[in-house]
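Q: Okay, sequence plus prediction incoming.
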Amino acid sequence: MRKQTIDENRRCPKCGRTENQINGGYNRSGTQRCVCEFCNHKYTLNGKTREYPDEVKQQAMKTYYSGVSGRGVGKLMGIGKGTVYDWIKKND
Ligand SMILES: [Zn+2]
């Protein structure tokens, strides 16, 4: 018997289910990919909705203020650049 896994952060964008969203590896930029076991839809976890720990945020801001662009910070740390720009905006 398979264990049911429910992760609120993983919702199939196609059928909207949160149950049995399994890991489908990582794409080239290191984003977690998920596969919906119900409709077999493959999708990546959206960086914008993902929560990052404070240390990651602080490190990202430090890197940004040392002269790296928002996009560069995102690339370096594997964070969506939308998220990085969000943090920069909130920090101003
Ligand atoms: Zn689905």
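A: Arrived safely. Numbering: from 1, shown residues only.

Q: which bits of this structure sit near the ion?
A: 12, 14-15, 36, 38-39, 41 (Cβ under 5 Å from the ion). No exception for glycine: its C-beta is placed from N, CA and C like everyone else's.

Q: If we use 6 Å, what do you get?
A: 12, 14-15, 17, 36, 38-39, 41 (Cβ under 6 Å from the ion).

Q: Which members of these are the farthest-apart pair?
A: Comparing all pairs in those by Cβ to Cβ, the longest separation belongs to Arg17 and His41, at 9.7 Å.

Q: are any of the residues of the chain next to the ion buried, and which?
A: The neighbour count (16 or more other Cβ atoms under 10 Å) marks 12, 17, 36 as buried among the residues of the chain next to the ion.

Q: okay, the residues of the chain next to the ion in TSV with distance to Tyr26 and pLDDT next?
A: TSV is the format used below for the residues of the chain next to the ion (distance: Cβ to Cβ, whole Å; pLDDT from 0 to 100):
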residue	distance to Tyr26	pLDDT
Cys12	18	90
Lys14	20	91
Cys15	23	95
Arg17	22	92
Cys36	17	94
Phe38	22	95
Cys39	21	96
His41	17	94
